[in-house]
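J.: could you look at this predicted model? Sequence included:
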Amino acid sequence: MKLISLYRFSNFLFRYKIPVLPKLIYYLQYILFNSSIPSSVIIGKGTVFAYGGIGVVVHSRAVIGDNCLIGQGITVGGTHKSKKAPLIGNNVEINAGARILGDITIGNNVIVGANAVVIKDIPSNCVVAGVPGRIIKENINIEEYI
């Protein structure tokens, strides 16, 4: 059983307004993977969770694009100042322990380094690392890094 499969099933039930079951699946995710991925999150096709998605926490209003790789121990969340959540583009690699926080947008073809804390918008085709997250390389060809 994979975390992404449980999410996709609960999201299907959520979209068709089937009560109770999405919440039960949410608790099952938490028990099996120590992860919190609400059924209301939008996750694109081809996105996968590395290492089974252990310890992943995603805000209920977050949007994650297609073909992303989400490592373990990731937080994609809001802040206490805003009810909005991050918008993550396509082909984004978020490495272990990274935090993406606030009402921000991460562009397409971005690599977020391990344990980075991203609190500002990041344009497409960049590598981000550090605390707080800074662009360390621009105009990358992501296929060279994967």
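T.: Thanks, I have the structure now. Numbers count the residues shown, from 1 in each chain.

J.: what are the ranges of the helices in the chain?
T.: Along the chain, counting by DSSP state H, helices occupy 3-15, 21-33.

J.: quick one: low-confidence parts of the protein?
T.: 1, 142-146 (pLDDT under 70).

J.: would you map the strands across it?
T.: In the chain, the strands defined using DSSP state E lie at 42-43, 48-49, 57-58, 63-64, 69-70, 75-77, 87-88, 93-94, 99-101, 105-106, 111-112, 117-118, 126-129, 134-138.

J.: can I get the ones you listed in JSON lines including mean neighbour count and distance to Ile18?
T.: Where C-beta positions appear, they are placed from N, C-alpha and C, glycine not excepted. Formatted as JSON lines, the strands of the chain follow (neighbours: other Cβ atoms under 10 Å; distance: least, Cβ to Cβ, whole Å):
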{"stretch": "strand 42-43", "mean neighbour count": "18", "distance to Ile18": "18"}
{"stretch": "strand 48-49", "mean neighbour count": "18", "distance to Ile18": "24"}
{"stretch": "strand 57-58", "mean neighbour count": "20", "distance to Ile18": "21"}
{"stretch": "strand 63-64", "mean neighbour count": "20", "distance to Ile18": "22"}
{"stretch": "strand 69-70", "mean neighbour count": "22", "distance to Ile18": "26"}
{"stretch": "strand 75-77", "mean neighbour count": "20", "distance to Ile18": "25"}
{"stretch": "strand 87-88", "mean neighbour count": "24", "distance to Ile18": "26"}
{"stretch": "strand 93-94", "mean neighbour count": "24", "distance to Ile18": "30"}
{"stretch": "strand 99-101", "mean neighbour count": "23", "distance to Ile18": "30"}
{"stretch": "strand 105-106", "mean neighbour count": "20", "distance to Ile18": "31"}
{"stretch": "strand 111-112", "mean neighbour count": "24", "distance to Ile18": "34"}
{"stretch": "strand 117-118", "mean neighbour count": "22", "distance to Ile18": "34"}
{"stretch": "strand 126-129", "mean neighbour count": "21", "distance to Ile18": "38"}
{"stretch": "strand 134-138", "mean neighbour count": "13", "distance to Ile18": "42"}
